[in-house]
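# when you get a sec, could you give me coordinates for this:
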Amino acid sequence: MKRCKKLIGLLLIASMSVSPFSGLQAMAKAEKSSTAPSIQEQFAERRTLYDNMSTLTGIPWYVLAAVDQYERTISIANPKKRPLRDGLISIHIPNNKWAGELNPDEIDTEPKSIAFFDGFGKDGNGDGKADPKDDTDLLYSMASYLQEYGTAPDDTNIALWEFYKNARSVERIEQFARLYSHFNTLDLHKHTFVMPLRADYSYRSTWGAARSYGGYRIHEGTDLFASYGVPVRSVCYGIIEVMGWNRYGGWRVGIRDLNNVYHYYAHLSGFNKKEVKEGDIVVPGQVIGWVGSSGYGKPGTSGKFPPHLHYGLYRDNGFTEWSFDPYPYLRRWEREERISLSKKKKK
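Residues are numbered from 1 along each chain as shown. A predicted model of the protein is given here:
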C-alpha cells in the first residue's frame, strides 16, 4: 500500500511538474472566482488525470475517458434522479458500493474498513482517505476496479458488464473509447450544419406535428426541404450506428455522438458509400448521403412526398431513448458556421 501511494505521488508530480494537485487546486479557485475555467482548460485537466491513472493501472486513458463521459451523459439525461456532480470527473459510484454493501457506515472514507467490506473506494491521492468527492480518488477507484479484470478490451467489457449489468452501457462506452482513441483528444464537440450553407434549403420547427402513415404518431424531427442530390452532412464527431432502409424513413443513417445523442437522417436518395459505412467514424461536415424522398413503403420506395431531409435527435438515459426538438440546435449550428466562415474570409 505504501509503495502504491508513493508511486501515485511520483506519477502525478512528474506529469504536472509542480504540486501533484495544482491543477485541481487551480480548478477549485477558478470555480470560486467569477471566471470559470474554459472548456479547453477542463479538457486539459481531465486528460492529465486520465493519463496519470492509465500509467498507474494500465487501463488506456481513452477507456477511462469513455467511462467518465458516459457517466456525464447519464447525469445530463437524468438531472433530477442523478445530478451532475461538481468537479472534473463525473463517474458515479453509489455510497453502498463505495463503502461496501455490508458496511454500516455508508459514507466511510477509511481505506482499510472499505477494503474490509469489499467496497470500491480507494485512496488515489495519498492523503489517507478514500473520498468519493475527490476527483483523483474517484477515478483511481474506477481504474482499479477495471484493472482487477485485466487490461485487454474483452476484460474491460466484462468489467463494465458486471458494473452496469446493461449491454447498452457497455456498447456506448466502447463507442466513446473508439472516438477518443482515434482522435487522441477530448475536444470532439464541434458541430456543423446538416447541409452546405451555400445550398438552397428551407426549414421551420415541425417537431411534434401529427403524422398518419403507419398509424397516428408525432413528427420526431425537423424537415429541411431542398432539391434532390443536395449533400447531407454529419453535424458531429460520431460513429455510424445504423445505415440502411426503414419503412418510415427510407434510406436513413443514424450517428451516435459523445453526448450520447443519436442523430437520425432520413429520406435520403442514397449513401456516400465510397467514404462511409456502418460502424465508421465520421467528423463534422463529412458528407454521408444526399437529399431524397425515399420511404413510406418497401425498400426503394420513393416520390411519395417532396424531397427533403428529416433530421431527428434522440437522447439516451442508459435504458431508453426519446426524441427532442432539433430545430433550435439546427439554428444555432447554422449561425455558428456562418460566423466561422465569415471570420475565415476576413483573414
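# so which residues of the stretch 201-347 of the chain form strands?
Assigned by DSSP state E, counting those that start in this stretch, the strands in the stretch 201-347 of the chain fall at 201-203, 210-211, 217-218, 222-226, 231-233, 238-246, 250-257, 261-271, 281-282, 287-291, 308-316, 321-324.
# make TSV out of these and add mean neighbour count and distance to D105.
Placement of C-beta: from N, CA and C, glycine included. TSV is the format used below for those (neighbours: other C-beta atoms under 10 Å; distance: least, C-beta to C-beta, whole Å):
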stretch	mean neighbour count	distance to D105
strand 201-203	16	56
strand 210-211	10	55
strand 217-218	11	49
strand 222-226	21	52
strand 231-233	22	54
strand 238-246	18	42
strand 250-257	23	40
strand 261-271	22	39
strand 281-282	20	45
strand 287-291	22	53
strand 308-316	21	35
strand 321-324	14	38
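# out of those strands, nearest to P37?
strand 250-257 (23.0 Å; C-beta to C-beta).
# can you list contacts of the closest one?
172, 175, 234, 236-246, 262-271, 276, 282, 288-289, 292-296, 301-302 (C-beta atoms under 8 Å, 6 or more residues apart in numbering).
# what about that strand, distance to the chain center?
Using C-alpha atoms, centre = their mean, to the nearest Å, the mean C-alpha position of strand 250-257 is found 17 Å from that of the whole chain.
# so for that strand, what's the average pLDDT?
Mean pLDDT, computed over strand 250-257, is 98.
# now do the contacts for Y145.
With C-beta under 8 Å, 6+ apart, Y145 has these contacts: F120, A159, F163.
# backbone dihedrals for G119, please?
phi -80, psi 170 (degrees, to the nearest 10).
# next one, pLDDT for it please.
95.
# distance check, it against L56.
Per C-beta to C-beta, to the nearest Å, G119 is found 20 Å from L56.
# more neighbours: these two, which one.
G119 (24 against 19; other C-beta atoms under 10 Å).
# excluding sequence neighbours, find me the nearest residue to that one.
Spatial nearest neighbour of G119, chain neighbours left out: G100 (3.4 Å); criterion: C-beta to C-beta, 6 or more residues apart in numbering.
# from what I can see the one you found touches I114, true?
Yes: with contact defined as C-beta atoms under 8 Å, G100 reaches I114; the gap is 5.9 Å.
# coming back round to it: let's have the strands of the stretch 201-347 of the chain in CSV, adding distance to P79.
Below are the strands of the stretch 201-347 of the chain laid out as CSV (distance: least, C-beta to C-beta, whole Å):
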stretch, distance to P79
strand 201-203, 29
strand 210-211, 30
strand 217-218, 24
strand 222-226, 24
strand 231-233, 30
strand 238-246, 23
strand 250-257, 19
strand 261-271, 15
strand 281-282, 29
strand 287-291, 31
strand 308-316, 12
strand 321-324, 14
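# low-confidence ranges in this protein?
1-35, 209-218 (pLDDT under 70).
# what about the helices in this structure?
2-16, 22-32, 39-57, 61-77, 95-99, 111-116, 135-149, 153-164, 167-183, 327-346 (DSSP state H).
# adding distance to G124, write the ones you listed out as CSV.
Output for the helices of the chain, formatted as CSV (distance: least, C-beta to C-beta, whole Å):
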stretch, distance to G124
helix 2-16, 6
helix 22-32, 11
helix 39-57, 8
helix 61-77, 12
helix 95-99, 13
helix 111-116, 10
helix 135-149, 3
helix 153-164, 18
helix 167-183, 21
helix 327-346, 37
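# nearest to Y228 among these would be which one?
When the helices of the chain are compared (using C-beta to C-beta), the closest one is helix 327-346, at 20.6 Å.
# which neighbouring elements make contact with the closest one?
Judged by 3 or more C-beta pairs under 8 Å, 6 or more residues apart in numbering; DSSP states H and E, helix 327-346 is in contact with strand 222-226.
# and the contacts of the strand it packs on?
So strand 222-226 is in contact with 194-195, 199-207, 291, 306-312, 325-327, 330, going by C-beta under 8 Å, 6+ apart.
# how about a cut-off of 10 Å?
193-196, 199-207, 209, 230, 232, 266-267, 290-292, 305-313, 325-331 (C-beta atoms under 10 Å, 6 or more residues apart in numbering).
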